[in-house]
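Novice: coords please:
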Amino acid sequence: MKLIRKISVGRDYKDNAMHYQIGQAVYGNHIITNILEKDHDYQIYIEKDKEVLLWKSFNKNMGISIEYNLDYE
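Specialist: The predicted structure is shown next:
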């Protein structure tokens, strides 16, 4: 289960933030596969042709909004 489903980076969520979501196509048809929280940052991983790459990393001191995946069973 992937806990974080979307991260928004920027102080103004509605008008000036960049939004990244699991399953979103980015950077030449790569797909965002994971958004992970580490000690000092959030990391976004992308995949294309079974190759997974760290694509972006955002420091926790930035204006960030997190949406968690809510799966109920």
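Novice: tally of neighbours for Ile44?
Specialist: Applying other C-beta atoms under 10 Å, we find 23 other residues in the vicinity of Ile44. C-beta: built from backbone N, CA, C; applies to glycine.
Novice: likewise Ile46?
Specialist: Counted with other C-beta under 10 Å, residues neighbouring Ile46 total 22.
Novice: check contacts around the closest residue in space to it that isn't next to it in sequence.
Specialist: In space, Ile46 comes closest to His30 once its chain neighbours are excluded; the distance is 3.9 Å by C-beta to C-beta, 6 or more residues apart in numbering. Counting by C-beta atoms under 8 Å, 6 or more residues apart in numbering, His30 touches Ile46, Glu47, Lys48, Leu53, Trp55.
Novice: Can you tell me which one of those sits lowest on pLDDT?
Specialist: Scanning the contacts of His30 for pLDDT, the low point is Lys48. It has 93.
Novice: What residues does it make contact with?
Specialist: For Lys48, the contact set (C-beta under 8 Å, 6+ apart) comprises Gly28, Asn29, His30, Ile31.
Novice: Now list the buried members of the residues you listed.
Specialist: The neighbour count (16 or more other C-beta atoms under 10 Å) marks His30 as buried among those.
Novice: Within its sheet, name the partner strands of the host helix or strand of Asn34 and how each one runs.
Specialist: Asn34 is part of strand 30-37 when elements are defined by DSSP states H and E. Here strand 30-37 is paired, per DSSP bridges, with strand 25-26 (antiparallel), strand 41-48 (antiparallel).
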